[in-house]
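**Q** Pasting a predicted model and its sequence here:
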Amino acid sequence: MDHYNQVDKNKFLYHRHRYLGELTPQTLAFNANLQEFSQSVCYIFNLHSAEELSSQECYEEIELLWQQLAQSYKALGIEKNAT
């Protein structure tokens, strides 16, 4: 696979949106965590659609990811800075 196709493949698989909010290190870090959460949920959903994971397994995996996202939000101290 040539370099051009590899770049397109990576953009397709790991699509990132630019951050439009207040630019602080904390909000940028949380934005990255949020995009990673979103990507992981898509993978889990696709595994469920392919009947590789049960509904219960999907729920448990997404619940764990959600808890990790909430912990990162609190650890970054974003809620203290909210207006």
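**A** Now that the structure is in, tell me what you want to look at.

**Q** State the next helix or strand along the chain beyond the helix or strand bottoming out on mean pLDDT in the chain.
**A** Least confident helix or strand of the chain, by mean pLDDT, DSSP states H and E, is helix 3-13 with a mean of 62. Going down the chain from helix 3-13, the next helix or strand is helix 25-49, by DSSP states H and E.

**Q** helices and strands around that next one, which ones?
**A** helix 55-76, helix 78-81 (3 or more Cβ pairs under 8 Å, 6 or more residues apart in numbering; DSSP states H and E). Quick note: C-beta positions are derived from backbone N, CA and C, even for glycine.

**Q** Of the ones you listed, which stretch is the most buried?
**A** Across the helices and strands packed on helix 25-49, averaging neighbours per residue (mean count of other Cβ atoms under 10 Å) puts helix 55-76 on top, at a mean of 13.

**Q** okay, the angle between it and helix 25-49?
**A** If you take axes from the mean of the first three to the mean of the last three Cα atoms, to 10 degrees, helix 55-76 sits at 180 degrees to helix 25-49.

**Q** Find the nearest non-adjacent residue to Gly21, please.
**A** Thr27 (5.6 Å; Cβ to Cβ, 6 or more residues apart in numbering).
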